[in-house]
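K.L.:
sequence first, then the predicted structure, then my questions.
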Amino acid sequence: MSTAAVMQSSNPAELWDAVVARNRKFDGAVYYGVSTTSIYCRPSCPSRRPKPENVQFFFDPESAERAGFRACLRCKPRELPGSEKLQLVRNVCRAVEKNVDSPLPMKQLSAELKMNAATLDRAFKQSTGITIKQYAEARRLSLFKTALRFRQDVTTAIYEAGYNSSSRVYEHSNARLGMTPAAYSKGGNGIRIRYAIAPYSAGRALLAVTEKGICGVKLGSDPDRLIHELEGEYPKAELVHADSELRDWMSNLLRRLEGEIDLPELPVDVRTTAFQRRVYEELRRIPAGETRTYSQIAKKLGGESGRRAVARACATNNVAVFIPCHRVVRSDGGMGGYRWGLDRKEDLLARERQYRRR
């Protein structure tokens, strides 16, 4: 039952009957708060029924919370059941796909799906880790990139993908494409990447930099293998060995690898999905020497079920240390994975902790 339908047709007596019957049809459309406990629930909540004189009804969680109620830990009224969540995500994705070339206003989407806008966006984020707006932007960007790949000119691709102006695309091209749209349409051909290699306590480090910022950090023991990996990652780019030009940049990286903290931040130039961007933002908030679990990061992004997606985002991080994926571990205390070896992950964390104790 939709929120709109409940608001138009129901009265307090009917809503109370739904609570007494624990009627699941009203879940997501109405909530009740109990004045004696300051807790609000969904109608189907299995907890002990309150006295009717202590009950107040609301049509969305936000209204209940503004009135001073907190969410029930038993029925979790801010969440949807798994099957309903999955169907909701499917419906949102279908609606976005149908309107990807002409953005669908949230108000219209919530009316189409018969759900409060805030509740709808929150449920989608709990299941996917990103908001509906971020998903729509990612799909629009994907459409834009596909058009470029099929050799459409940039201007045509911009407007066919639903962007209102070229300035919005170019404004974010570095963060989302890793290069300008014109360069991306050529597969990165002609992009100049300078790189440097230097020894440090746990092996060798390779630092790769475009004109926009750091696009790669690789750790290992064999410098030739690190260069080979860089060539495989950017087969059409012009790679220039530039140790002397990147001396200051490399110094920043080496000091981080030795555990130093409070160093100047350097710009990065990486291509990410909307979800990866949010994961990386959370990673950069973790203090040096401390750790968070994959589940903790996923929960911050909207739901513990996304821990595997968080792990994948960490595994595909191309700028190790600058985006500190080494600070994420498993819930059981294990190190988890690390692209450059668990020994290096443990060593880096130990050095950061040691440096903080000084």
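P.N.:
Ah, there it is. Values in this document were obtained by computation on a predicted structure and should not be read as measured data.

K.L.:
the residue nearest to Ala136 when sequence neighbours are not counted sits in which helix or strand?
P.N.:
Among residues not flanking Ala136 along the chain, Val96 sits closest, at 5.0 Å (CB to CB, 6 or more residues apart in numbering). C-beta coordinates here come from the backbone N, C-alpha and C atoms, glycine included. Assigned by DSSP states H and E, Val96 falls within helix 82-98.

K.L.:
which other helices and strands contact whichever helix or strand comes after that helix?
P.N.:
The helix or strand immediately downstream of helix 82-98 is helix 106-113, counting by DSSP H and E. Helix 106-113 is packed against helix 82-98, helix 117-128, helix 132-149, with contacts defined by 3 or more CB pairs under 8 Å, 6 or more residues apart in numbering; DSSP states H and E.

K.L.:
comparing those helices, which yields the minimum mean pLDDT?
P.N.:
With a mean of 65, helix 132-149 has the lowest mean pLDDT of these.

K.L.:
quick one on the thing from earlier: got the angle between the helix holding Val96 and helix 117-128?
P.N.:
Angle between the axes of helix 82-98 and helix 117-128 is 100 degrees (criterion: axes from the mean of the first three to the mean of the last three CA atoms, to 10 degrees).

K.L.:
using CSV, write out every CA atom in helix 82-98.
P.N.:
Taking C-alpha atoms only, helix 82-98 is exported to CSV below (Å, rounded to 0.1, in the frame of the first residue of the first chain):
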residue,chain,number,x,y,z
GLY,A,82,15.1,-8.1,1.4
SER,A,83,12.6,-9.1,-1.4
GLU,A,84,11.0,-5.7,-1.3
LYS,A,85,14.4,-4.0,-1.4
LEU,A,86,15.4,-6.0,-4.5
GLN,A,87,12.1,-5.2,-6.3
LEU,A,88,12.4,-1.6,-5.4
VAL,A,89,16.0,-1.4,-6.7
ARG,A,90,14.8,-3.1,-10.0
ASN,A,91,11.9,-0.6,-10.3
VAL,A,92,14.2,2.4,-9.7
CYS,A,93,16.8,1.1,-12.2
ARG,A,94,14.1,0.6,-14.9
ALA,A,95,12.7,4.1,-14.3
VAL,A,96,16.2,5.6,-14.5
GLU,A,97,17.0,3.6,-17.7
LYS,A,98,13.8,4.8,-19.4
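
K.L.:
got the buried residues for it?
P.N.:
For helix 82-98, the neighbour count (16 or more other CB atoms under 10 Å) marks 85, 88-89, 91-93, 95-96 as buried.

K.L.:
angle of that helix against helix 106-113?
P.N.:
120 degrees.

K.L.:
centre of the chain to helix 82-98, how far?
P.N.:
Distance of helix 82-98 from its chain centroid, counting by CA atoms, centre = their mean, to the nearest Å, is 18 Å.

K.L.:
mind giving me the packing neighbours of it?
P.N.:
Under the contact criterion of 3+ CB pairs under 8 Å, 6+ apart, helix 82-98 touches helix 106-113, helix 117-128, helix 132-149.

K.L.:
low-confidence bits of this structure, can you list those?
P.N.:
1-10, 80-86, 99-104, 126-129, 139-190, 303-305 (pLDDT under 70).

K.L.:
secondary structure class for the residue of it positioned farthest from its centre?
P.N.:
Residue farthest from the centre of the chain, counting by CA atoms, centre = their mean, is Glu53 at 43.2 Å. Counting by DSSP: H, G, I helix; E, B strand; the rest coil, the backbone at Glu53 sits in helix.
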